[in-house]
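Q: based on what follows, work out the 3D shape:
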Amino acid sequence: DLSVDDAADIDSEDTESEFEEPAPDMGLPGTMNRLMQFIQSENIATLLSEDKLLEIGKKVTDDYDLDKDSCSDWYEVNEKAIALAKQEGVHKSFPWEGAANVVVPIITSASIAYSARVLPEIIREGGVANTRVLGKMTDEKKERADRVKNHLDYQLLFQMKEWRRDTDKLLSVYSVSGVAYRKAYYDPIKGRNCSMLLTPAEVVVNNGITSLDTARRISHVMEMFGNDIESKKRAGLYRDCELHIDQSAREDGQTQPDDDPAYKILEQHRWLDLDDDGYEEPYIVTVEKESAQVLRIVARYDERDVTQ
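A: Numbering: from 1, shown residues only. Now for the predicted structure:
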C-alpha cells in the first residue's frame with residue numbers, strides 16, 4: 001500500500017503554481033483527494049502546469065541518459081553478438097588487404113534450432129494457457145478453470161494477432177542476446193489487448209539493478225511517426241504540444257521523408273511525488289526525447305493501493 005500523509009496539505013499558492021485547476025472535492029483529505037483525481041484522469045499531464053511538466057520531462061530524459069550510459073559496455077558486446085548472428089560481412093585488411101571474410105553460421109543455426117524446439121513446447125495442442133485449481137476440486141471450479149483457459153487461449157492466439165509471431169522472434173533474440181522482453185497492454189484505439197516484442201536496445205534500465213521489480217526506472221524507447229502521435233492526440237491519450245524530429249535516426253543512416261518524420265518517444269515507468277506529500281507514487285510518463293515534452297502521465301496504482 002502507498003503511505004499517504006493526510007496531514008500534509010499544500011497551500012493555495014503552491015496549488016496554483018503546479019496544478020492548472022484545483023482538484024474536485026471528493027470529501028477526502030487533501031493528498032488523498034488529489035491521488036484519487038490522478039487515478040481517474042486519462043492524462044495527468046493535463047492537470048499540471050507547464051513549469052511542472054518541463055521539470056518532469058527534463059528529469060525523465062536525464063535519467064534515461066544516465067541509465068543508458070551505465071549499460072554502454074553491455075550494449076557494445078550485444079551489438080557484436082547480433083552482428084555474428086546476422087552474418088554481417090566486414091572488410092578485412094589482415095593478413096592482407098581484401099582477404100576472404102568467411103562467417104560460419106554457428107550462432108545463427110543454434111538460434112534457429114533453439115526457437116524451433118522451444119516454440120512447440122509453448123504452444124501445445126493448439127493452446128498456451130493452463131490452470132491449476134487450488135483447494136478441493138469441484139465440478140464448478142473445474143468448469144471455471146476451463147473457461148479461464150479457453151479465454152486466455154483465445155486472447156493470445158486469435159485476438160492478439162501479433163503474439164505468436166512475436167513469440168517466435170522473441171526466442172531468437174533471447175538465444176543470441178540472453179535477454180528479451182514482451183510488453184502486454186490494452187490499446188484503447190484498437191480496442192483490444194496487444195503484445196509487443198521488445199529487444200534489449202528498446203528497454204533501458206540502470207546496470208546496477210538486480211531485477212526489474214526493484215528498478216527505479218524502466219524506459220521503453222519507441223520510434224513513432226507523426227501520424228501515430230496525432231492519432232493518440234485525437235484519442236485524448238497525448239497532450240498537444242510542439243515536438244522535435246529525432247535527428248539520431250538520420251545520423252544512423254535511416255532516411256525518412258520530411259513530411260513523415262520520426263520522433264523518439266520514451267515511456268518511462270518511474271516514481272514521482274505529484275501530490276507533494278513527501279512520498280513518491282508510481283507513474284508511467286511518456287516524453288518526446290528531443291524536446292523533453294511530456295505527452296502523457298498515468299498512475300500505476302488504483303484505489304486499493306491508496307491508504308491513509
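Q: count of residues packed around M137?
A: Residues contacting M137 under the criterion other CB atoms under 10 Å number 10. The C-beta positions use only the backbone N, C-alpha and C, and glycine is treated the same way.
Q: residue boundaries of the helices in the stretch 101-250 of the chain?
A: Using DSSP state H, counting those that start in this stretch, the helices of the stretch 101-250 of the chain run over 106-122, 139-154, 163-177, 226-234, 247-251.
Q: nearest to D273, out of those helices?
A: Relative to D273, the nearest member of the helices of the stretch 101-250 of the chain by CB to CB is helix 226-234, separated by 26.3 Å.
Q: got the CA positions of that closest one in CSV?
A: Provided in CSV are the C-alpha atoms of helix 226-234 (Å, rounded to 0.1, in the frame of the first residue of the first chain):
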residue,chain,number,x,y,z
GLY,A,226,3.8,12.0,-36.8
ASN,A,227,0.5,10.3,-37.8
ASP,A,228,0.7,7.8,-34.9
ILE,A,229,1.2,10.7,-32.4
GLU,A,230,-1.6,12.6,-34.0
SER,A,231,-3.9,9.6,-33.6
LYS,A,232,-3.1,9.4,-29.9
LYS,A,233,-3.7,13.2,-29.6
ARG,A,234,-7.1,12.9,-31.2
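Q: which strands and helices sit next to that helix?
A: With contacts defined as 3 or more CB pairs under 8 Å, 6 or more residues apart in numbering; DSSP states H and E, helix 226-234 has these neighbours: strand 262-272, strand 293-299.
Q: what residues does that helix touch?
A: I189, Y238, R239, D240, L243, D260, P261, Y263, I265, L295, R296 (CB atoms under 8 Å, 6 or more residues apart in numbering).
Q: what residues of it count as buried?
A: By neighbour count on 16 or more other CB atoms under 10 Å, the buried set for helix 226-234 is D228, I229, K232.
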